[in-house]
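Q: What would the 3D arrangement of this be:
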Amino acid sequence: MAAPTYELDAERRRSIKKKNRHNTRVGYAFLTPWLLGFFLLTAGPMLASLYFSFTDYNLFNSPNWIGLDNYKRLFTDDPDFRKSAEVTLKYVLIGTPIKMISALAVAMLLNAARKGMGFYRSAFYLPSLIGGSVSVAIVWKAMFIDNGIVARIIEALGGPDAMTGGWVGNPGRTLPMLILLAVWQFGAPMVIFLAGLKQVPTELYEAADVDGAGAFRKFWNITIPMLSPVIFFNLLLETINAFQVFNSAYIISNGTGGPARSTLFYTLYLYLRGFRDFQMGYASALAWVLVVVIGVVTLLLFRSSNAWVHYSGGNK
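A: Alright, predicted model coming up:
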């Protein structure tokens, strides 16, 4: 006699549940390296630094709980904190737009289907592969020192005397020099812009040609709206990266933030407090302020995207 149907269904359900539990265990087994890395190398240190931010801790003695004293000192009695925030904010507000505009302009030039375009795309992307390295910062510093190659080129071209001296030791030129270094590394956003340009339907430009639209109208009314999600993505990443600049400022200033604190970026100041002055509790407070600022800026960018980012299908 055949087994009742309900017994077969129950057996099938048990088999499916057993298989699902096996698949779950296999999945967690593959995730174990990532989970260990996340909890031991990311979440754990973050929670520890949050605790240290409320303590007086110098790396050698046990942390001493002091409550909000680090944060009070940071906002009321630390001119270097205000200076580092000012330098970093200038870098973000000036360097990020220039880098974005440069990346988009070059991407539009490289979007044409011409011979040898692959070589040019690789050449323009190359600085992004090596741009964050210490060696590049050292070379950049050598280019802008007194009587360096940049000064010689400006002098040979008949530039003003105010531009021919060294940039590294001049407080008014160090920040522009670092911004130029950041703009030179536009390869990553350029590639993303180039991918976005490839997705813009050519029919839109053809329709605009029929209507007699000029190059600027096509750029403003077609290219920019169609690229708005890509612009938003690049803007978000580049803004976050700009807040965290460290290597170039450390190398060019020899780890001091000079001259006259003109390269005292926030992350460099955090490093100096933590590993030069051994004020790790105070440095942890600085780090969490930076986390909050980046979080607020990210939230504001997402909120503003509702007004200017247009996705396929007309949804924002």
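
Q: Might you report the residue contacts of residue 269?
A: 80, 81, 84, 257, 286 (CB atoms under 8 Å, 6 or more residues apart in numbering). In this view, the C-beta of every residue, glycine as well, is placed from N, C-alpha and C.

Q: Closest one of the residues you listed to residue 147?
A: Within those, proximity to residue 147 (CB to CB) peaks at residue 257, which comes in at 24.1 Å.

Q: Skip the chain neighbours and tell me the closest residue to the closest one.
A: residue 264 (3.3 Å; CB to CB, 6 or more residues apart in numbering).

Q: Now a PyMOL select for only the buried ones of the contacts of residue 269.
A: To isolate the buried ones among the contacts of residue 269 in PyMOL, judged by 16 or more other CB atoms under 10 Å, type:
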select buried, resi 81+84+257+286
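
Q: Need the contacts of residue 269 in TSV (columns: secondary structure).
A: Shown next, in TSV, are the contacts of residue 269 (DSSP: H, G, I helix; E, B strand; the rest coil):
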residue	secondary structure
80	helix
81	helix
84	helix
257	coil
286	helix
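
Q: Which two among the contacts of residue 269 are spaced furthest apart?
A: The distance between the two most remote of the contacts of residue 269 (CB to CB) is 13.6 Å, for 257 and 286.

Q: For residue 116, grab the count of nearby residues.
A: Residues lying near residue 116 (other CB atoms under 10 Å) number 7.

Q: no, scratch that, I was asking about residue 182
A: Counted with other CB under 10 Å, the neighbours of residue 182 add up to 20.

Q: Identify each buried residue in stretch 206-223, please.
A: By 16+ other CB under 10 Å, the buried positions in stretch 206-223 come out as 208, 213, 218, 222, 223.

Q: For it, give the mean pLDDT please.
A: Mean per-residue pLDDT for stretch 206-223: 91.

Q: contacting residues around that stretch?
A: Counting by CB under 8 Å, 6+ apart, 108, 197, 200, 204, 205 sit against stretch 206-223.

Q: Determine which two of those are furthest apart.
A: Maximum pairwise distance among these (CB to CB): 15.1 Å, between 108 and 204.

Q: Among the buried residues of stretch 206-223, which lie within helices?
A: Per DSSP state H, helices hold the following members of the buried residues of stretch 206-223: 208, 218.

Q: Quick one: the buried residues of stretch 206-223 as CSV, columns for distance to residue 298 too.
A: What follows is the buried residues of stretch 206-223, written out as CSV (distance: CB to CB, whole Å):
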residue, distance to residue 298
208, 35
213, 35
218, 32
222, 28
223, 26
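
Q: So what's the predicted local confidence for residue 306?
A: At residue 306, the model reports a pLDDT of 91.

Q: Go through the buried residues of stretch 206-223 and name the one nearest residue 141.
A: Distances from residue 141 to these, taken by CB to CB, are shortest for residue 223, at 37.5 Å.

Q: ok, now how distant is that closest one from residue 201?
A: 11 Å (CB to CB, to the nearest Å).

Q: what's the answer for residue 270, then?
A: Counting by CB to CB, the separation of residue 270 from residue 201 is 47 Å.

Q: Likewise for residue 265?
A: From residue 265 to residue 201 the distance is 42 Å (CB to CB).

Q: Which one of these two is surrounded by more residues?
A: Higher neighbour count among residue 265 and residue 201: residue 265, with 25 against 10, using other CB under 10 Å.

Q: if I read this right, the more buried one contacts residue 89, doesn't it?
A: No: contact criterion CB atoms under 8 Å: residue 265 and residue 89 do not qualify, at 10.3 Å.
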